[in-house]
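Undergrad: A predicted structure for the sequence below; I have some questions about it.
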Amino acid sequence: MKKLVILAAAFTMLAISMNSYSDDDHKWKKWLGVSASDIRPVNNALYKQECASCHMAFQPGLLPSASWKLVMNGLGDHFGENAELNAEDVTAILDYLQENAADRSSFGRSAAFARNSNEQQLRITESRYFVRKHDEIPQRFIKDERIGSLSNCVACHVSAEKGIYDEHDVRIPGVGPWED
Amino acid sequence: MKNWLVIVLLCGVSTVWAADAAQSRLSEYTKTAKQTFSAERGKAFWTQNHSHNSGVKQRSCASCHGEDVSKSGKHASTGKLIKPLSRNTNPVSLSDEKNIEKWFTRNCKWTLDRECSVLEKGDVLTFLLTGVEK
């Protein structure tokens, strides 16, 4: 009997440590108090390959689909950079981004982004939700060369690439953990 | 033992492929450039600064990639690490033709406000592949 309990416990631990990201998964992980993705992690190889050379591959669930369309149709001047792609790749990536955009995602934080963004918005950092969540961060923290700007998610949200933006996973360089 | 042999052979084959992507670009450029490419010229081009009408800081290839192509670079605005372009320190560099062209288009427009000529691309690629004796 004891063995069975140990085995069951081992299985549970294994299940928790496994990084599978189905929609239901993140809910029970949350319930167990385990840091779980609150935005669907990126799962598209082409998007990663083409869009994560200069910056993190921002999860599609951070912007509404209308914004992704604006971003992908303006790659010739992508926030001051040239990020041109051939038409075929633009279409394929835009399809992926729109299918998983904030307004089409069941993840809680994406829903918050969807409610607090507007259709002309290009930047994730412009959404009212994002602004509200970061308004207590002093400018002098952001100016640290390890951060540079609020669009550098991974500088402080150490598990941002996994879609985890929980405040328990925040470590501000030179400051440490941060609680609201 | 046999498995090891297969792995070693595959590694060898992939290195050859990697060499082919850049070489095949070069032979393509040669057709239109009708000139021999020069690593020296490529090196000079690499660090040459270009002014912009919009008033942004002068830009060169080295702004992001650094002057020493065997070392990592840093993206000028996001600060993200850019792996070395030299195969001496990054063996998988320049191993995809589509990728080479994509970055030439993007980066020439960012740096020079125009596309690069075939001669410029050939010179830079030659410089990246062979380096220049110090």
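TA: Good, I have the coordinates.

Undergrad: Get me the contact residues on chain A for chain B.
TA: On the criterion CB under 8 Å from any CB of the partner chain, chain B has as its neighbours in chain A the residues A:53-56, A:76, A:79-86, A:145, A:148-149, A:151-152. All C-beta atoms are positioned from the backbone trio N, CA, C, and that covers glycine.

Undergrad: Would you mind listing which of the residues you listed are buried?
TA: Buried by 16 or more other CB atoms under 10 Å in any protein chain shown: A:Ser53, A:Cys54, A:His55, A:Met56, A:Glu81, A:Asn82, A:Ala83, A:Leu85, A:Ser151, A:Asn152, out of those.

Undergrad: Farthest pair within those residues?
TA: A:Leu85 and A:Asn152 (22.7 Å; CB to CB).

Undergrad: What ranges does the chain have for its strands?
TA: Since you didn't name a chain, this refers to chain A. Applying DSSP state E to chain A gives strands spanning A:171-172, A:176-177.

Undergrad: Wait, chain B was what I had in mind.
TA: Counting by DSSP E, the segments of chain B that form strands are B:73-74, B:81-82.

Undergrad: could I get those strands as CSV with mean neighbour count and distance to A:Val90?
TA: Shown next, in CSV, are the strands of chain B (neighbours: other CB atoms under 10 Å in any protein chain shown; distance: least, CB to CB, whole Å):
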stretch, mean neighbour count, distance to A:Val90
strand B:73-74, 16, 26
strand B:81-82, 12, 23
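
Undergrad: And those strands: which comes nearest chain A?
TA: Nearest to chain A, of all these, is strand B:81-82, at 7.6 Å by CB to the nearest CB.

Undergrad: Make CSV from the strands of chain B and add mean pLDDT to it.
TA: Below are the strands of chain B laid out as CSV (pLDDT from 0 to 100):
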stretch, mean pLDDT
strand B:73-74, 94
strand B:81-82, 94
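
Undergrad: Need these in JSON lines (columns: distance to B:Lys121).
TA: Formatted as JSON lines, the strands of chain B follow (distance: least, CB to CB, whole Å):
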{"stretch": "strand B:73-74", "distance to B:Lys121": "19"}
{"stretch": "strand B:81-82", "distance to B:Lys121": "19"}
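
Undergrad: Quick check: which ranges of chain B have low pLDDT?
TA: By pLDDT under 70, the weakly predicted segments of chain B are B:1-19, B:132-134.

Undergrad: Show me the helices in it, by range?
TA: Ranges of helices within chain B are B:2-33, B:39-47, B:62-65, B:97-112, B:118-130, based on DSSP state H.

Undergrad: so which of these comes closest to chain A?
TA: helix B:97-112 (4.2 Å).

Undergrad: Any residue of that closest one touching chain A?
TA: Yes - using CB under 8 Å from any CB, helix B:97-112 reaches chain A at B:Lys102, B:Thr105, B:Arg106, B:Asn107, B:Lys109, B:Trp110.

Undergrad: Report the contact partners of the first one.
TA: This means B:Lys102. Contact analysis of B:Lys102 by CB atoms under 8 Å, 6 or more residues apart in numbering or on different chains lists A:Glu84, A:Leu85, A:Asn86.

Undergrad: B:Ser38 touches B:Thr126, doesn't it?
TA: Yes - using CB atoms under 8 Å, B:Ser38 is in contact with B:Thr126, at 6.7 Å.

Undergrad: Please name the nearest non-neighbouring residue to B:Thr105.
TA: In space, and not counting its chain neighbours, B:Thr105 is closest to A:Glu84: 5.8 Å by CB to CB, 6 or more residues apart in numbering or on different chains.

Undergrad: Count the residues that sit near residue 106.
TA: Unless you meant another one, I'm taking chain A. By the criterion of other CB atoms under 10 Å in any protein chain shown, A:Ser106 has 12 neighbours.

Undergrad: That was the other one, I meant chain B.
TA: That count, for B:Arg106 with other CB under 10 Å as the rule, works out to 20.

Undergrad: I figured it hits A:Ala83, correct?
TA: Yes - between B:Arg106 and A:Ala83 there is a contact under CB under 8 Å: 6.2 Å.

Undergrad: Mind pulling up the pLDDT for the nearest residue to A:His134 once chain neighbours are set aside?
TA: In space, and not counting its chain neighbours, A:His134 is closest to A:Leu150: 6.0 Å by CB to CB, 6+ apart. Looking at A:Leu150, its pLDDT reads 95.

Undergrad: quick one, what contacts A:Leu150?
TA: So A:Leu150 contacts A:Thr125, A:Phe130, A:His134, A:Ile137, A:Ile142 (CB under 8 Å, 6+ apart).

Undergrad: which residues touch the closest residue to chain B within chain A?
TA: As assessed by CB to the nearest CB, chain B sits closest to A:Asn82 within chain A, at 4.2 Å. Residues near A:Asn82 by CB under 8 Å, 6+ apart: A:Leu75, A:Gly76, B:Thr105, B:Arg106, B:Asn107, B:Lys109, B:Trp110.
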